[in-house]
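A.B. asks: Need a 3D model of the sequence below.
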Amino acid sequence: MKRWRIGLVAVVIMGALTGAHARPRYFINTIWLSSALRHGTSLESIKRTIDVSKSRGCNAMSVCIAWDTERPDGSYDFSAYEPVLRYIVDQGMALQIRVNTALNFGIRLDWVTDEMVSCTRDGAVYQRKHGEWLPVLTHPVVREKMRNLYRALGAWTRERHIPVIAFSAAWTLYMESEYFCVGLDYSAASQKAFLAWVEERVAGVPLKRLNERWGTNLTSRDEITLLSVPQPLRELFF
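C.D. replies: Numbering: from 1, shown residues only. The predicted structure is shown next:
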C-alpha cells in the first residue's frame, strides 16, 4: 500500500478515536453523601474531597442519595444534596447519582415490613454489622419505591438544571441484594415469586423431563426452589 494511503487510513482511525463522536472516559470517585450529611460532615470538608479527587485525575464523581429523602406525603426533599451536586458540576466534573439501598446509618422507613428485609444467609435473616438491614430488592414494594425515587431524582435534577451522566444503583436484582458477596440465600418473598413464575412455564411438564432439561435430580416438584434450579433459570427469572 502506498504511503499516502497508509497515512490516510491512520488519519481516519485517529479521527474516529479522538473525534467528536468518541466516547468520553470517566474516572470516578464515590462520595457516600447521604451518610456524610447524616453524620454532620461539613460542606467544606466534602468540597475538599471533591477537589482532591479532581487533582488526582478523577473527572467524575458518584454520589449516593438515600431513599429516606421521601416525606410522609410521598414527595421528596433533595435540597441538602444540591450544594454538593452543583459544586461537582461547577468544577467541570461529570456527575453520577446512585441510590444507597442499605437500611443503615440511622435510616428508618415507615413502609418497610419484615418481609421486605428478609434476605437470608444460611437460612437465617441476615444483618450486617451494627444491625443494618438489607432490603429484599425482588420485593415488588421495594422495587416500586426504588423506581419512584429514581423518577423523582430525574425530575428534580432536570428542573434544577443539574446535568447527570447516569443514574445507577449499587445493587443487582440477580443476587437480590447489592451485598451478594456475603453469600446470601434468597428471601421468602423472592422464593414465592419464583415458584409462581416457574409454574407458569413448566405446568404439565413431567418431572422427569424437567430433570433432563435442568440437569437436576429432583424427586418431587416441591423441591423446586431458587437454590435448586440451574443458574441460567435464576438469571432468567430475575
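A.B. asks: Tell me who's in contact with residue 63.
C.D. replies: Shown in contact with residue 63 (Cβ atoms under 8 Å, 6 or more residues apart in numbering): 30-31, 33, 81, 84-85, 88, 95-98. C-beta coordinates here come from the backbone N, C-alpha and C atoms, glycine included.
A.B. asks: Low-confidence ranges, this structure, go.
C.D. replies: By pLDDT under 70, the low-scoring segments of the chain are 1-22, 100-108, 128-132, 169-183.
A.B. asks: What segments of it are helices?
C.D. replies: Shown for the chain, the helices assigned by DSSP state H span residues 3-18, 33-38, 43-55, 82-90, 140-159, 188-202, 207-214, 231-237.
A.B. asks: Which positions in the last one come out as buried?
C.D. replies: By neighbour count, and taking 16 or more other Cβ atoms under 10 Å as the criterion, the buried residues in helix 231-237 are 233-234, 237.
A.B. asks: Tell me the one among those residues nearest to residue 57.
C.D. replies: residue 234 (38.9 Å; Cβ to Cβ).
A.B. asks: Distance check, the closest one against residue 227.
C.D. replies: 9 Å (Cβ to Cβ, to the nearest Å).
A.B. asks: And residue 159, by the same measure?
C.D. replies: Residue 159 is 45 Å from residue 227, by Cβ to Cβ.
A.B. asks: again, but for residue 153
C.D. replies: 35 Å.
A.B. asks: I'd like the distance between the closest residue to residue 229 other than its chain neighbours and residue 205.
C.D. replies: With Cβ to Cβ, 6 or more residues apart in numbering as the criterion, residue 229 has its nearest non-adjacent residue at 6.1 Å, and that residue is residue 214. Separation of residue 214 from residue 205 (Cβ to Cβ) stands at 11 Å.
A.B. asks: again with residue 227
C.D. replies: To residue 205, residue 227 is 20 Å away according to Cβ to Cβ.
A.B. asks: Of residue 214 and residue 205, give the one with the bigger neighbour count.
C.D. replies: residue 214 (16 against 11; other Cβ atoms under 10 Å).
A.B. asks: how many other residues sit next to residue 149?
C.D. replies: 21.
A.B. asks: Excluding residues flanking it in the chain, which one is nearest residue 135?
C.D. replies: Residue 135's closest residue in space is residue 142 (Cβ to Cβ, 6+ apart), at 5.1 Å.
A.B. asks: Just give the number of residues close to the one you found.
C.D. replies: Other residues near residue 142 number 21, with proximity taken as other Cβ under 10 Å.
A.B. asks: And the one 3 residues further on, by the same measure?
C.D. replies: Summarising burial for residue 145: neighbours were counted as other Cβ under 10 Å, giving 20.
A.B. asks: shouldn't it be in contact with residue 67?
C.D. replies: Yes: using Cβ atoms under 8 Å, residue 145 makes contact with residue 67 at a distance of 6.4 Å.
A.B. asks: nearest residue to residue 149 other than its sequence neighbours?
C.D. replies: Among residues not flanking residue 149 along the chain, residue 67 sits closest, at 5.0 Å (Cβ to Cβ, 6+ apart).
A.B. asks: Likewise for residue 160?
C.D. replies: That would be residue 82: by Cβ to Cβ, 6+ apart, it lies 6.7 Å from residue 160.
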